[in-house]
Structures are given as C-alpha cells and as structure tokens.
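> Sharing a sequence plus its predicted fold:
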Amino acid sequence: MHSARELASAPPTDIDGAPGRGGRPYRSSHRRGRPRRRGLGLLVGTLLAAGLLGSATFLLGSGRSDASGEASSGAPRPPSTVRVTPTPTPTPSLSPSPSPTSTKIDVPSTGTGTFVAAHATGAKVGHGARPLRYAVEVETGIDISPARAADEIADILAAPRGWTRDDTHSFQLVSAEAPHDLTVRIATPGTADALCWAGIHQDTGGEYNCETPGGVVVNLRRWVRGSPTFDGPIHDYRALIVNHEMGHFLGYTHMTCAGFGQLAPVMMQQIKGLHGCVANAWPYDRNGHFVSGPHVL
C-alpha cells in the first residue's frame with residue numbers, strides 16, 4: 001500500500017492521496033529511491049543468498065500494497081524462500097477478446113516459489129510517448145495458464161477506459177526474455193507475502209496485492225475469488241487489480257470516495273469498503289473523465 005518514499009514523509013496510514021488526472025510522471029523503478037534502513041545490507045544479502053529475487057534492483061526502490069499500515073510496523077520477519085526463475089513455455093498468440101481464467105480452482109496457501117513466464121508478445125496499445133513493456137509470470141503448480149493470464153492482462157490494459165486514456169503511457173506485452181520495464185506475477189498468498197515483504201517491507205497478510213520495485217504482485221486469492229465488496233464479474237475485479245497496481249507503478253497513490261453514489265476511484269482501496277461509492281474497475285468513466293477522489297494524508 002505504501003511506498004518507501006511515502007513512509008519516509010508521513011506516518012503509515014491505510015490510504016494515501018493521489019495526484020490529479022495526469023498523476024505524477026512515470027519514473028523507472030531503478031530511479032525511485034527509498035531510504036536506507038539499518039540492516040538493509042544484511043537483508044539484501046540474505047535474500048540474494050536465498051535466491052528470492054532475480055536482481056538487486058527488485059529490492060531497491062518503492063512500492064505499495066493494500067495491507068494496513070499497522071501490518072508493517074512490527075519487527076521484520078524473514079520471508080520464505082522464493083526463487084523467481086522464469087521458464088519460457090510456448091503459448092498461443094494473443095486473442096483479441098480472451099476469456100477470463102476459470103475461478104473454480106484451488107488456492108493453496110503457499111506454492112513452489114518458482115515462476116513460469118508467458119512466452120507471448122502483443123502489439124503496443126495506447127499512443128503515449130512513455131511505453132511500458134511488461135512480462136507476465138505465474139507461479140508453478142497452480143491451475144492458471146500463463147498464456148491465458150497474459151491475454152487477460154493485455155485485454156485490461158488495452159481497454160478504452162484504462163490507463164492508455166491519459167495519452168501519456170502505452171503498454172506492450174513482451175516475453176520474459178525480451179527487455180521489459182516490469183513484471184506482473186500471479187502468486188499464491190504465501191509467495192505473494194514473501195515478495196511484497198522483500199520488495200517494500202509490507203506484510204500483506206495473505207490477502208493483498210502489491211506494487212514492488214520492478215513489478216506487480218497479484219495474490220492468487222484475489223485473482224480467483226475477487227472481493228466481497230465488489231459486485232461484478234470476476235474479470236472486472238481483475239481489471240481493478242491490474243489498474244490499481246499499475247496505477248501505483250505509474251506514480252499514483254491511494255484515493256478515497258468523493259461522495260455517496262459516485263464511482264469509486266480505481267486508486268481507492270475498494271476491498272476495505274466503498275464508503276458510499278459504487279464499485280469501479282477503471283481509471284476513467286464512460287465519458288473519458290478521470291475518476292478522482294479526495295487525497296488522503
């Protein structure tokens with residue numbers, strides 16, 4: 001939920017404010033610094049020895065999760081060993097209208113800690129001058145096809161009410177072997193917790209997604225089961241997940257409800273309650289207006 005730069009400037013809260021329509025300019029995760037903390041070197045060394053992450057840059061930067069601020073205030077707990085080792089597998093080419101992944105699948109509490117990449121590419125969507133190339137990976141051993149997940153994520157990012165509407169950013173699905181700016185990973189709750197803890201030092205409690213330096217971590221429980229506060233098709237809730245966490249990657253922070261009966265901003269933590277707003281999965285409304293709300297300090 002909170003980035004390192006947010007935690008440095010204000011005490012932890014459940015939700016943070018966000019910029020206006022354009023948001024803050026996108027900055028690569030390699031340039032978004034975070035304050036150094038005592039024992040950081042030991043933590044990085046331990047994580048590298050455990051093979052938790054593919055590169056040190058994944059650990060050094062900023063990110064946010066939807067966990068409560070209080071969850072990260074206790075003594076650090078060592079994450080379980082997670083090996084991010086994308087293995088390309090042949091997959092079909094992207095379809096223009098992919099079907100959502102089946103929701104009748106098991107959600108184990110934790111998994112292998114290794115990932116298989118969707119060996120797929122797609123056309124660039126959007127006309128923004130700042131392209132973001134992303135790869136998709138799924139934890140091995142769960143009943144989700146990396147190719148279908150990649151198709152669904154690409155479909156969300158190409159939607160007319162998505163982030164391409166701002167004419168600033170464009171997106172392109174690429175294979176994990178190709179140069180890319182971020183990785184979207186779908187992981188079991190235990191693995192998601194470990195990645196979020198390692199990346200942004202937030203305890204996501206087996207329930208939440210997060211944005212970390214170098215990518216987005218999607219909790220399998222949310223991808224499969226949605227949220228009790230969101231009354232709509234599972235594909236729409238997945239759109240909320242992708243748009244919310246991608247919004248963090250683009251520099252947006254949390255918003256809250258602007259008024260009873262209005263659309264909830266996509267940057268609102270809707271899983272924690274709508275506060276009178278109507279559930280909404282998209283950054284923009286049907287008329288092309290950015291769905292905003294009060295900044296939360």
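Thanks, I have the structure now.
> So for the longest helix that the chain contains, mean pLDDT?
Taking DSSP state H as the criterion, the chain has its longest helix at helix 234-249. Averaged over helix 234-249, pLDDT sits at 96.
> Same check on stretch 266-280?
Per-residue scores along stretch 266-280 average to 96.
> Other residues contacting that stretch?
1, 14-15, 18, 66, 208, 222, 227, 229-232, 240, 243-244, 247-248, 252-265, 281-283, 291, 293 (Cβ atoms under 8 Å, 6 or more residues apart in numbering). Placement of C-beta: from N, CA and C, glycine included.
> Kindly export that stretch (C-alpha atoms) in PDB.
This file holds the C-alpha atoms of stretch 266-280, laid out as PDB (Å, rounded to 0.1, in the frame of the first residue of the first chain):
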ATOM      1  CA  VAL A 266      -9.600   2.900  -9.200                       C
ATOM      2  CA  MET A 267      -6.900   4.000  -6.700                       C
ATOM      3  CA  MET A 268      -9.200   3.600  -3.800                       C
ATOM      4  CA  GLN A 269      -8.700   0.500  -1.600                       C
ATOM      5  CA  GLN A 270     -12.100  -0.800  -2.500                       C
ATOM      6  CA  ILE A 271     -11.500  -4.200  -0.800                       C
ATOM      7  CA  LYS A 272     -11.600  -2.300   2.500                       C
ATOM      8  CA  GLY A 273     -15.000  -0.800   1.900                       C
ATOM      9  CA  LEU A 274     -16.700   1.600  -0.600                       C
ATOM     10  CA  HIS A 275     -17.700   4.300   1.800                       C
ATOM     11  CA  GLY A 276     -20.800   5.200  -0.200                       C
ATOM     12  CA  CYS A 277     -19.200   4.900  -3.600                       C
ATOM     13  CA  VAL A 278     -20.100   2.500  -6.400                       C
ATOM     14  CA  ALA A 279     -17.500  -0.200  -7.200                       C
ATOM     15  CA  ASN A 280     -15.400   0.600 -10.200                       C
END
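> got the buried residues for it?
266-271, 274, 277, 279-280 (16 or more other Cβ atoms under 10 Å).
> Around the nearest residue to Met246 once chain neighbours are set aside, how many other residues sit close by?
The shortest distance from Met246 to any non-neighbouring residue, by Cβ to Cβ, 6 or more residues apart in numbering, is to Trp163 (6.1 Å). Number of residues near Trp163 (other Cβ atoms under 10 Å) recorded here: 28.
> Might you report the residue contacts of Trp163?
126, 157, 169, 171, 243, 246-247, 250, 283.
> can you list the buried residues of stretch 266-280 in TSV and add distance to Gly190 and secondary structure?
As requested, those are exported to TSV (distance: Cβ to Cβ, whole Å; DSSP: H, G, I helix; E, B strand; the rest coil):
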residue	distance to Gly190	secondary structure
Val266	27	coil
Met267	27	coil
Met268	27	strand
Gln269	22	coil
Gln270	24	helix
Ile271	19	helix
Leu274	29	coil
Cys277	32	coil
Ala279	28	coil
Asn280	30	coil
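> With distance to His180 added, can I get these in a markdown table?
Converted to a markdown table, those look like this (distance: Cβ to Cβ, whole Å):
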| residue | distance to His180 |
| --- | --- |
| Val266 | 23 |
| Met267 | 24 |
| Met268 | 28 |
| Gln269 | 27 |
| Gln270 | 28 |
| Ile271 | 28 |
| Leu274 | 34 |
| Cys277 | 34 |
| Ala279 | 31 |
| Asn280 | 29 |
